[in-house]
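Q: My questions are about this predicted structure, shown below with the sequence.
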Amino acid sequence: MSSYVQRLIGAAKLDAQTYEEVEADSSAMGQAMATVVLASVASGIGAFTTLGMRGLLFSTLASLVGWFVWAGLTFFVGTKILPEPQTQSDMGELLRTIGFAASPGLLQVFGFLPLVGPLVGLVTSVWMLAAMIVAVRQALDYKSTGRAVGVCLIGFVVYIVVVFAVSLVFGMGAAAMGAF
C-alpha cells in the first residue's frame with residue numbers, strides 16, 4: 001500500500017494503478033477528503049490577494065460541495081445512463097478517486113504570483129479535469145476513455161452551476177450579514 005504522499009504524486013501523474021488502489025481502499029476516504037480540502041485551501045490562498053478571506057472561505061466551501069455533487073452526478077450518469085457492461089461502482093469508490101483527482105490543485109497555492117498566477121490556475125484546472133477522467137475511468141471500470149470524458153463533461157457543467165449557485169448564496173449571505 002502506498003503512502004498518502006505517494007498516492008498524491010501517483011494521482012497527479014495520472015497513474016491508473018494509483019486510482020485503482022484508492023478505489024479499492026475504503027480506508028482512503030479521509031485521505032481523499034483531505035486532498036480536496038488541501039487543494040481548495042491552496043486555491044483560496046492563491047486567490048487571497050485578489051479575493052481576500054472571502055475567496056479563501058468560498059474556495060474551500062465550493063470545492064467540498066462540488067466534490068460531493070460531482071461524485072453523485074458521476075455515479076448516476078456513469079452507472080445508470082452511460083454504463084459499460086462491466087461497470088460496477090459505489091459512491092465511496094467515486095468519492096475516493098475523484099478526491100485524489102484534486103491533487104494537481106495543490107499547485108494553485110501559486111495563483112497569487114504576478115503574471116503566472118492565472119496561468120497556474122488554468123493549467124491546474126485542465127490537469128485536474130484530466131485526472132478526473134482517469135479517476136472516473138478506473139472507478140467505473142470503463143474500457144473507454146471517451147465514455148469517461150463524456151461523464152466528466154456532464155459533471156463539469158453541473159459542477160460549474162453548483163459553484164455559481166454557492167457563490168451567489170455565499171456572497172449574498174455575507175453581504176446581508178455585513179460579515180465581509
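A: Right, received. Where do you want to start?
Q: The helix or strand harbouring F76: how far from the chain's middle?
A: Using DSSP states H and E, F76 sits within helix 29-76. Put simply, helix 29-76 sits 8 Å off its chain's centre (C-alpha atoms, centre = their mean, to the nearest Å).
Q: mean confidence score for that helix?
A: The average pLDDT for helix 29-76 rounds to 81.
Q: Quick check: T97 touching V22?
A: Yes - counting by C-beta atoms under 8 Å, T97 touches V22, with 5.6 Å between them. In short, each C-beta sits where N, CA and C put it, glycine included.
Q: Quick check: neighbours shared by the two?
A: Both T97 and V22 are in contact with A32, where contact means C-beta atoms under 8 Å, 6 or more residues apart in numbering.
Q: If you drop the residues flanking it in sequence, what lies closest to V120?
A: F110 (4.8 Å; C-beta to C-beta, 6 or more residues apart in numbering).
Q: What distance do you get for that neighbour to A131?
A: Distance of F110 to A131, given as C-beta to C-beta, to the nearest Å: 18 Å.
Q: Between the two, which is the more surrounded one?
A: A direct count of neighbours by other C-beta atoms under 10 Å for F110 and A131 places A131 higher, at 27 against 16.
Q: need the contact list for the most centrally placed residue in the chain.
A: The residue lying closest to the centre of the chain (C-alpha atoms, centre = their mean) is A102, at 4.2 Å. Applying C-beta under 8 Å, 6+ apart to A102 gives the contacts T35, V36, A39, S40, S63, W67, M128, A131.
Q: Is the second one in contact with F68, as I believe?
A: It refers to V36. No - with contacts counted by C-beta under 8 Å, V36 stays clear of F68, the gap being 9.3 Å.
Q: Going by neighbour count, list what's buried in stretch 72-80.
A: L73, T74, F75, V77, G78, T79 (16 or more other C-beta atoms under 10 Å).
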